[in-house]
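Peer 1: give me a model of this one.
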Amino acid sequence: MHIAIAGNIGSGKTTLTTLLSKNYGWEPQFEDVDDNPYLNDFYKDMQRWSFNLQIYFLNSRFSQVQKIHKEGKDVIQDRTMYEDAHIFAPNLHAMGLMSSRDFENYQNLFKLMNIFIPAPDLLIYLRSSVANLVEQIQKRGRDYENSIRIDYLSRLNERYEAWISSYDHGKLLIIDVDNLDYQNNKKDLEAIIDKIDNKIKDLK
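Peer 2: Next up is the predicted model:
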């Protein structure tokens, strides 16, 4: 079984991935952040490094999904390949931070890769306001995220909402996270687990 968590920067994907992997015994697959050779440079100069970063993430997530289905384990994945192709890359292009030539190249590569990988059995989307995203980003204090602009997060949020409204690749669970603290509040986590149980009962 392949479960994936989608959501904007700071929405709590990694935290929830960790908690759910422990609860269900699923193998977690995390986004490659700490070892990503482009992330620091990207936030310093988005226009220069946008294409490099998106290609790196595309390759990383494609490899993750291939491994998931090859090994046949129950896996929970932190962020999907869809988000790169439908949200991050188009947003960079629209903001003039990725050239049309690079964007077209990226999209063609995504379309080719997408033929070879199935969608998650369940997609969990963490819906968050921009104000909550900013608060969570500041709390975790990653140096390279200090330069993220609010208008950048707002644009991403708009694209997330547009994408999720038409998502039809499989089962979908939307969780509003603004008033949840599933990391410290057991009841909040239990409420999420109950919703997931209802979604996955027919998948096994």
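Peer 1: list the contacts of the residue nearest the centre of the chain.
Peer 2: What sits nearest the mean C-alpha location of the chain, by CA atoms, centre = their mean, is Arg79, with 2.6 Å. If you count contacts by CB atoms under 8 Å, 6 or more residues apart in numbering, Arg79 has them with 4-7, 13, 31, 61. Glycine gets a C-beta too; all of them are placed from N, C-alpha and C.
Peer 1: out of these, which sit inside strands?
Peer 2: Judged by DSSP state E, the contacts of Arg79 include 4-7 as members of strands.
Peer 1: in three-state terms, label Leu173 for me.
Peer 2: Put simply, Leu173 is strand when judged by DSSP: H, G, I helix; E, B strand; the rest coil.
Peer 1: so what sits opposite it in the bridge?
Peer 2: Ile124 (DSSP bridges).
Peer 1: just checking, it touches Ile124?
Peer 2: Yes - using CB atoms under 8 Å, Leu173 makes contact with Ile124 at a distance of 4.9 Å.
Peer 1: for the chain, what spans make up the helices?
Peer 2: For the chain, the helices defined by DSSP state H occupy 13-24, 39-44, 46-71, 81-83, 89-94, 100-114, 130-140, 150-165, 186-200.
Peer 1: same for the fourth one, what does it pack against?
Peer 2: Identification of packing neighbours for helix 81-83 by 3 or more CB pairs under 8 Å, 6 or more residues apart in numbering; DSSP states H and E yields helix 46-71, helix 100-114, helix 150-165.
Peer 1: how about the second one as CSV, C-alpha atoms only?
Peer 2: The reference is to helix 100-114. Backbone C-alpha positions of helix 100-114 (Å, rounded to 0.1, in the frame of the first residue of the first chain) are rendered in CSV as follows:
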residue,chain,number,x,y,z
SER,A,100,9.8,28.7,-20.9
ARG,A,101,12.4,26.5,-22.5
ASP,A,102,13.3,24.9,-19.2
PHE,A,103,9.7,24.6,-18.1
GLU,A,104,8.7,22.8,-21.4
ASN,A,105,11.7,20.5,-21.0
TYR,A,106,10.7,19.8,-17.4
GLN,A,107,7.0,19.1,-18.3
ASN,A,108,7.9,16.7,-21.1
LEU,A,109,10.2,14.8,-18.7
PHE,A,110,7.4,14.6,-16.1
LYS,A,111,4.9,13.3,-18.6
LEU,A,112,7.3,10.6,-19.7
MET,A,113,8.1,9.5,-16.1
ASN,A,114,4.4,9.6,-15.1
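Peer 1: re earlier: mind putting the ones in strands among the contacts of Arg79 into CSV with pLDDT?
Peer 2: Converted to CSV, the ones in strands among the contacts of Arg79 look like this (pLDDT from 0 to 100):
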residue, pLDDT
Ala4, 95
Ile5, 96
Ala6, 96
Gly7, 96
